[in-house]
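Chemist: Make a model of this:
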Amino acid sequence: MGRRPKYSDERLTEAVHQYQKVHKGKIEASELARWASDNCDGLEGVRYYDFTRPLIVVDAKTGKKQNKKKQCTILIEMLNNQRGIGRRPEWNDLLCAADINSILNRTKADQRQLILDAREQHAKLKKTVARLQESNRVLQEENQSLLDKIESLNESFLECEKTQQKLSKQIKVILKSAEHEAQKEALAKQGIFEDGVDLSMYIKAKTTTIERALEVKNAIMNQLNNKQGEKDIKAEAENPKDIIMNGLANIDEHC
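Modeler: Numbers count the residues shown, from 1 in each chain. Below is the predicted model of the structure:
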């Protein structure tokens, strides 16, 4: 036989019954042990593992040692299940049993408890579904609001794009107008206007142009005729680039 436990299973089970009357939430073995040590005669110094550690028993047929849950441990699990602490629908044998006979062969008390658990789980699932549906409705409203904002932004973007195109056209017109005004001003200096030609100004402008052309010609001829000696003439003849550059310099002085 295994080592005899310090506290009997019956006494520990009785402590669980007493504790569940004063504690309505999840039963934690550590809290239960502290409460039992302070409030139950004969359980002074009891520890949490005294409620959870299985009994070691010897199988009469095989002679092998086996672990067996204590009644106090089973009671703790049952109470937590009844209170819906961490209970999920797939843990209910009534809903998940592969063979219905396994349920029918149980005691009436077990069957009743399974039904109560199933009803409690169904009520909780209904509340969960209602909460999720409400959350989904709120999210749909928020999503629709965002879609409306996106549509409004797209419309604003299209308006901005149209405005930009209009401004681009206006800028082109202004630039063309400025260019046209510059051309009109240049022609006006030569006596050419939109409504006609001022011959006096035109002839004067052309005469001035001819005079400048003659001045350029004379400047070039003077440069070519400006001899400083046969050697200089020969050097200039051998380097026509210098002749042209000097001629252009004189042109700038006269223009």
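
Chemist: can you tell me how far residue 221 sits from residue 207?
Modeler: As judged by CB to CB, to the nearest Å, residue 221 and residue 207 stand 21 Å apart. Backbone N, C-alpha and C define where each C-beta goes, glycine included.

Chemist: Ok, residue 138 next?
Modeler: Distance from residue 138 to residue 207, by CB to CB: 89 Å.

Chemist: which stretches of the stretch 101-250 of the chain form helices?
Modeler: Per DSSP state H, counting those that start in this stretch, the stretch 101-250 of the chain carries helices over the ranges 101-104, 108-189, 199-225, 230-238, 240-254.

Chemist: so which strand or helix has residue 37?
Modeler: Using DSSP states H and E, residue 37 sits in helix 29-39.

Chemist: Give me the contact list for that helix.
Modeler: 12, 15-16, 18-19, 22-23, 43-52, 76 (CB atoms under 8 Å, 6 or more residues apart in numbering).

Chemist: and that helix, C-alpha only, in PDB?
Modeler: C-alpha atoms of helix 29-39 as PDB (Å, rounded to 0.1, in the frame of the first residue of the first chain):
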ATOM      1  CA  ALA A  29      -6.300  25.000  -4.000                       C
ATOM      2  CA  SER A  30      -3.900  27.500  -2.400                       C
ATOM      3  CA  GLU A  31      -6.600  29.800  -1.100                       C
ATOM      4  CA  LEU A  32      -8.600  26.800   0.000                       C
ATOM      5  CA  ALA A  33      -5.700  25.500   2.000                       C
ATOM      6  CA  ARG A  34      -5.100  28.800   3.800                       C
ATOM      7  CA  TRP A  35      -8.800  29.100   4.600                       C
ATOM      8  CA  ALA A  36      -9.000  25.400   5.800                       C
ATOM      9  CA  SER A  37      -5.900  25.800   8.000                       C
ATOM     10  CA  ASP A  38      -7.400  28.800   9.800                       C
ATOM     11  CA  ASN A  39     -11.000  27.600  10.000                       C
END
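
Chemist: what's the closest non-adjacent residue to residue 33?
Modeler: Leaving aside its chain neighbours, residue 33 sits nearest to residue 48 (4.4 Å; criterion: CB to CB, 6 or more residues apart in numbering).

Chemist: Give me the neighbour count for that neighbour.
Modeler: 15 (other CB atoms under 10 Å).

Chemist: what residues are up against it?
Modeler: 29, 30, 32, 33.

Chemist: May I ask which two of those are separated the most?
Modeler: 30 and 32 (7.2 Å; CB to CB).

Chemist: who has more neighbours, those two?
Modeler: Counted by other CB under 10 Å, residue 30 and residue 32 do not tie: residue 32 has more neighbours, with 24 against 12.

Chemist: measure the more buried one to residue 49 for me?
Modeler: 11 Å.

Chemist: just residue 115 next, same as before
Modeler: In terms of CB to CB, residue 115 sits 34 Å off from residue 49.

Chemist: next one: residue 31
Modeler: 14 Å.

Chemist: just to revisit the earlier point, could you dump the helices of the stretch 101-250 of the chain to a markdown table with mean pLDDT?
Modeler: Converted to a markdown table, these look like this (pLDDT from 0 to 100):
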| stretch | mean pLDDT |
| --- | --- |
| helix 101-104 | 77 |
| helix 108-189 | 84 |
| helix 199-225 | 69 |
| helix 230-238 | 51 |
| helix 240-254 | 54 |
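
Chemist: Which among the ones you listed is found nearest to residue 70?
Modeler: Short answer: helix 108-189, nearest of the helices of the stretch 101-250 of the chain by CB to CB, at 18.9 Å.

Chemist: For residue 31 and residue 49, indicate the residue with more neighbours.
Modeler: With neighbours defined as other CB under 10 Å, residue 31 and residue 49 compare such that residue 31 has more, 14 against 10.

Chemist: ok, residue 16 touching residue 78?
Modeler: No: counting by CB atoms under 8 Å, residue 16 does not reach residue 78; the two are 9.7 Å apart.

Chemist: Alright, calling it a day.
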